[in-house]
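Asker: please work out how this folds:
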Amino acid sequence: MRILAITNLFPSPMRPQWATFNRHQIRALAAEQEVTVIAPIAWTDERAARHAGAPGLPPDRRLVWEGIQVEYPHYRFVPRAFRGLQGRFYRWSIQKAFRHAVTSFRPDVVYATWAYPDGWAAVDLAHRAGLPVVLKVHGSDILLLDQHPNRRRGTVEAIRHADQVVAVSQDLANKLMELGVDPNRVHLVYNGVDADVFKPGPAEDCRKRLGLAGEKSLLLFVGNLLPVKGIDVLIEACAILKNKSFEFELHVVGKGTLRPELERRVRQLGLDDCVKFRGVIPNEQLPDWYRAATLLVLPSRSEGVANVLLEAAACGTPFVASDVGGVREIVHLGDGLLVTPNDPAQLAEVIGAALSRLPRQQRLEPFKGRSHADAARELVGVFNEAIHDYASPRVGTNPDSKSTWRQLARRGLAFLLPRKLLMVRGSQSIRSICLTFDDGPHPDHTPRLLDFLSHEGISATFFVVGREAEKHPELVRRMAAEGHAVGSHSYSHPKRAELSRLQMAQEVSRGKAVLENILGSKSLLYRPPQGKVTAPDLLWMWRAGLTVVLWNVDPRDYASTSADTVRDWFRGRTLQPGDVVLFHDTHPHALAVLPDLIRSARGRGLSFTTVREWIK
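Answerer: Numbering: from 1, shown residues only. Just a heads-up that it's a prediction; the model follows:
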């Protein structure tokens, strides 16, 4: 399996210790599968790193990192502004690298490891390229949406449109379903830990290696110095502990925007002698810090499943953590105590009680959790499910086609070409869908369908067969008069395999001429019968100025024996922005299922438009 990972959570020469938990996971995947990574770097971070003397990147911005091919595009955006457009900035920043990966690496699946903007951009680009997307959420990208309303819409779009979504805790999985993700597409995959690296050991030896000799209790915090991590609450708790005459040192490992403010507060509280800021620690040194610590403290305000707790548990280090997110789900893996977030007094009380009862030596019991390899195997199962489901008829152009290569080529063309030449689906950034109807006009079904669409105020797109249009020109004129887009569906709806290239060209030209004669205007929309078209056909059609329109949602109403069959088909699927839905106005089933379909789509904020409007 070839996996294209898109994530900002990956180390680079400028930030070699960044997001080690995600690096370990991707490395575990790469041990069994083919993996390449697109890891954009924010231009602001890159500029700051260069000013700090960090090494740069080669001209092509590509490196092999621990055996994995990685490309580091510039992530260009406007700082502190247009936060609701970050997904579009991100997509624009990585689209060149994405196209290169699609053509050179030929991935089977795209794997995004943050909801927004990473996941949003990955879903849009991958689906346009005809590739399935698995999106992994970690915690803050979902749990803090109320604090970031400008990102909410893009986040919800990403998780709803991804083919499969992976959560690292049951709590997070529940939040995904509350946000409207189909429960059948939500998978719980707990993170793993490298138990060969994070394992118990003598605390005194570790303290000596780190220069921490002494008898004081050693408290440890590991994480980004951001408000969500609650380090300010821990510092207030330390002041309470000091007033109660506890002898301890708190070592703060990590960096972040809060550090200057936290250092000022430490000075104000007179904690300079017992609170030490260590900055970023190389990953290979972290096990010694865990083993040297008497107690790890994680007072977060929000978490998915904190990897530092898994690492501490693997090293046999007791911990105190806030009872938030999925922390309760893993507390049994180690010697852990839970506290209410944002309560310095309770945190100090529980830390004090833990310090009073803990022995001086570290626990040497083996870790009861799982490895990165365990998690990677479960992820591969999710990838396989995404690939299998995405290859189903509803995501192709022709469900009866047996040519996988032809479908892949068609999807690739749809990604590379502008929609004015070839349209399979619309943009997901526009919250609308297209209803399209083939094979008419029909003297009985089409008028009733037009009556219904008029009543609902919906414009659709009709692809008419020239021979039928000649029989019922008044229906074609009515379609256009009522605001619907009208395109050609050939003259007689032949099978492509039975015609020569010249005969196919004649079919297209004749159907187009019939339509233009009826409407008195040019007809530039064309849908091939059965969706089958060859590369020479496309070139000829494009030279003729035609837009070739296919579809990505096919309930097979033409092959159904009843409307209930079509209705059941839609019950298992949710229409998404940009979908092009294929119906046939030569059958009654479309009209029977449309009321429920329209009600459901409108209830989710979707509108209806025409192919012509999307092309504009």
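
Asker: distance of Thr609 relative to Val64?
Answerer: Thr609 is 46 Å from Val64, where distance means Cβ to Cβ, to the nearest Å. C-betas here are computed from N, CA, C, even on glycine.

Asker: what do you get for Met541?
Answerer: From Met541 across to Val64, the span is 43 Å (Cβ to Cβ).

Asker: Arg599 too?
Answerer: 52 Å.

Asker: more neighbours, Thr609 and Val64?
Answerer: Thr609 (20 against 8; other Cβ atoms under 10 Å).

Asker: partner residues bridging the more buried one?
Answerer: On the basis of DSSP bridges, Thr609 is bridged to Cys434.

Asker: got a list of what it touches?
Answerer: Contact analysis of Thr609 by Cβ atoms under 8 Å, 6 or more residues apart in numbering lists Ser432, Ile433, Cys434, Ser459.

Asker: can you rerun that using 10 Å?
Answerer: Applying Cβ atoms under 10 Å, 6 or more residues apart in numbering, we find Thr609 in contact with Gly426, Ile430, Ser432, Ile433, Cys434, Leu435, Ile458, Ser459, Ala460, Thr461, Ala485, Lys616.

Asker: which one of the residues you listed is nearest Gly270?
Answerer: Nearest to Gly270 out of the contacts of Thr609 is Ile430 (Cβ to Cβ; 57.7 Å).

Asker: wait, the closest one touches Phe608, no?
Answerer: No: the criterion here is Cβ atoms under 10 Å, and Ile430 misses it with Phe608 at 11.7 Å.

Asker: so these two - more neighbours on which side?
Answerer: Regarding Ile430 and Phe608, a neighbour count based on other Cβ under 10 Å identifies Phe608 as having more, with 18 against 14.

Asker: surely the more buried one meets Ala460?
Answerer: Yes: counting by Cβ under 10 Å, Ala460 is a contact partner of Phe608 at 7.1 Å.

Asker: list residues touching both of the two?
Answerer: Cys434, Leu435, Leu453, Val581.

Asker: quick one: residues contacting the second one.
Answerer: When the contact criterion is Cβ under 10 Å, 6+ apart, the partners of Leu435 are 449, 453, 458-462, 484, 553, 575, 579-583, 590, 594, 597-598, 601, 608-610.

Asker: now the element after the helix or strand hosting Pro260, going C-ward?
Answerer: Using DSSP states H and E, Pro260 sits in helix 259-268. As assigned by DSSP H and E, the chain's next helix or strand after helix 259-268 is strand 275-279.

Asker: how far off centre is stretch 599-616?
Answerer: Here stretch 599-616 is found 23 Å from its chain centre; the criterion is Cα atoms, centre = their mean, to the nearest Å.

Asker: any idea of the mean pLDDT in it?
Answerer: Mean pLDDT, stretch 599-616: 89.

Asker: mind listing what's buried in it?
Answerer: For stretch 599-616, burial by neighbour count (16 or more other Cβ atoms under 10 Å) applies to Ala601, Leu606, Phe608, Thr609, Thr610, Val611, Arg612, Trp614, Ile615.

Asker: repeat for stretch 259-279
Answerer: For stretch 259-279, burial by neighbour count (16+ other Cβ under 10 Å) applies to Leu262, Glu263, Arg265, Val266, Leu269, Leu271, Cys274, Val275, Phe277, Arg278.

Asker: ok, of the residues you listed, which one's closest to Arg478?
Answerer: Leu262 (70.2 Å).

Asker: ok, that closest one touching Ile231?
Answerer: Yes: under the criterion of Cβ under 10 Å, Leu262 makes contact with Ile231 at 6.2 Å.

Asker: what sits in contact with each of these two?
Answerer: Contacts common to Leu262 and Ile231, judged by Cβ under 10 Å, 6+ apart, are Leu225, Val252, Gly256.

Asker: just say helix, strand or coil for the last one.
Answerer: Think Gly256. coil (DSSP: H, G, I helix; E, B strand; the rest coil).

Asker: let me know the pLDDT of the residue lying closest to it once chain neighbours are set aside.
Answerer: Counting by Cβ to Cβ, 6 or more residues apart in numbering, Gly256 lies nearest to Leu225, which is 3.1 Å off, once chain neighbours are set aside. Leu225 is assigned a pLDDT of 94 by the prediction.

Asker: show me the shaky parts of this protein.
Answerer: Residue ranges of the chain with pLDDT under 70: 80-84, 145-148, 213, 358-369, 391-416, 572.

Asker: follow-up on the earlier one: which one of the shared contacts of Phe608 and Ala460 is nearest Arg478?
Answerer: Here the nearest of the shared contacts of Phe608 and Ala460 to Arg478, counting by Cβ to Cβ, is Leu453; it sits at 10.9 Å.

Asker: buried ones among the shared contacts of Phe608 and Ala460?
Answerer: Buried members of these, counted by 16+ other Cβ under 10 Å: Cys434, Leu435, Leu453, Val581.

Asker: contacting residues around the third one?
Answerer: This means Leu453. Leu453 makes contact with Leu435, Phe437, Ser459, Ala460, Met479, Glu482, Gly483, His484, Leu591, Leu594, Ile598, Phe608, according to Cβ under 10 Å, 6+ apart.

Asker: which phi and psi values does the residue lying closest to Ser562 once chain neighbours are set aside adopt?
Answerer: Nearest residue to Ser562 in three dimensions, chain neighbours excluded: His589, at 7.3 Å (Cβ to Cβ, 6+ apart). Dihedral pair for His589: phi -70, psi -40, per degrees, to the nearest 10.

Asker: since we're on Glu498, how many residues are nearby?
Answerer: Glu498 has 8 neighbouring residues, counting by other Cβ under 10 Å.

Asker: and for Thr257?
Answerer: Thr257 is flanked by 10 other residues according to other Cβ under 10 Å.

Asker: test my guess that it contacts Ile231.
Answerer: No: when contacts are counted by Cβ under 10 Å, Thr257 is not listed as touching Ile231 (11.5 Å).

Asker: joint contacts of these two?
Answerer: In contact with both Thr257 and Ile231: Asn224, Leu225, using Cβ under 10 Å, 6+ apart.

Asker: which one of the buried ones among the shared contacts of Phe608 and Ala460 sits closest to Thr103?
Answerer: Looking across those and measuring by Cβ to Cβ, the closest to Thr103 is Cys434, at 28.3 Å.

Asker: mind checking the SS state of Gln441?
Answerer: I think there's a mix-up here, since residue 441 is Pro and not Gln. Per three-state DSSP, the local secondary structure of Pro441 is coil.

Asker: give me the nearest residue to it, chain neighbours excluded.
Answerer: Distances taken as Cβ to Cβ, 6+ apart put Leu475 closest to Pro441, at 3.9 Å, once the chain neighbours are dropped.

Asker: from Ala481, how far off is the one you found?
Answerer: From Leu475 to Ala481 the distance is 11 Å (Cβ to Cβ).

Asker: ok, those two, which is more surrounded?
Answerer: Per other Cβ under 10 Å, whichever of Leu475 and Ala481 has more neighbours is Leu475, with 21 against 10.

Asker: so the more buried one sits in a helix?
Answerer: Yes: according to three-state DSSP, Leu475 belongs to a helix.
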